[in-house]
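[1] Next comes the sequence, and after it the predicted model I'd like to discuss.
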Amino acid sequence: MTREPAGHVPSGAFVVHAAKLQKVAGTTRREHRHGVIEDLATVGAAVPEGSEVDADLTLVSYPGGVSASGVVSAPWQGECRRCGGPVTGEVRVSVRERFARNGGEAADEDAYPLDGDELDLEPLARDAVLLELPLAPLCDEGCRGLCPECGANRNVESCTCGGPVDPRWSALDALRSEEGPGSA
C-alpha cells in the first residue's frame, strides 16, 4: 500500500471512515468537512493561521476506490503587488479526484491513496487551495501602485514627480531647455 508523504499526520477533521461506502460500488455519500490545515501559503498569499478550510464533497465508490467531487474553499490574505496594501479574498475551487488502493497490477498513480477503511481528504483540500491561491494579488484591478521616485501611494495621494527620464534622450532634453518656452 502507498503511504502518505513523510511527516503527514492525518487530521481527524478530514478523515472519513469509508468501510460502508466501499462495500457496494456506486454507493454515494455527501461529506462536509472543515478544519485547520497548517502552512497553506504561496509567494503572494496565504490562508491566515488558524483559519479553516472547508470541503463540501460527494463521495462515490467504484471497484477499487472512491471518487470525490465538490467544492473546497478557504479565506486568504496577501499583499497587493502594486501598492503593497493588504488584500483579502476567498479561494473557492471545484474538485474532482480519485482515491484508489495503490498496489498490485492496477496501481493508479494519479489517484490519492486509499489506505484501509479510512479516506483522508486533507491532501486533496491542501492541493486544491494551494493551486488556487493568487501568486500576485491586486487590491483592485485599477490599482495605480506606488510612485517609483518618491514612494507615494498613487491610490491615496498624487505626487509631483515627473516620469522616468530616459538617458538616451538627454541630448534632446538639453536642446529643449536652451531654446526656452517661447522659442519655436
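    Happy to help now that I have it.

[2] Just give me the residue right at the centre of the protein.
    Nearest to the mean C-alpha position of the chain, counting by CA atoms, centre = their mean, stands residue 133 at 1.7 Å.

[3] got the contact list for that residue?
    40-42, 44-47, 76, 91 (CB atoms under 8 Å, 6 or more residues apart in numbering). C-beta coordinates here come from the backbone N, C-alpha and C atoms, glycine included.

[4] run the last query once more with 7 Å
    By CB atoms under 7 Å, 6 or more residues apart in numbering, the contact set of residue 133 is 42, 45, 76, 91.

[5] And it, how close does it get to residue 175?
    52 Å (CB to CB, to the nearest Å).

[6] With residue 94 instead?
    61 Å.

[7] where along the protein do the helices fall?
    Assigned by DSSP state H, the chain shows helices spanning 19-23, 122-132, 170-179.

[8] Which of those helices has the lowest mean pLDDT?
    Comparing mean pLDDT across the helices of the chain, the weakest is helix 170-179, with a mean of 72.

[9] Please save the CA atoms from that helix in CSV.
    The C-alpha coordinates for helix 170-179 follow below in CSV (Å, rounded to 0.1, in the frame of the first residue of the first chain):
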residue,chain,number,x,y,z
SER,A,170,19.2,63.6,-22.6
ALA,A,171,20.9,65.4,-25.5
LEU,A,172,17.5,66.4,-26.9
ASP,A,173,16.3,67.5,-23.4
ALA,A,174,19.3,69.8,-23.2
LEU,A,175,18.3,71.4,-26.6
ARG,A,176,14.8,72.0,-25.3
SER,A,177,16.0,73.7,-22.2
GLU,A,178,18.3,76.0,-24.2
GLU,A,179,15.6,77.2,-26.5
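
[10] could you list every residue that touches residue 134?
    Contacts of residue 134 by CB under 7 Å, 6+ apart are 44-45, 78.

[11] Fine by me, we can end here.
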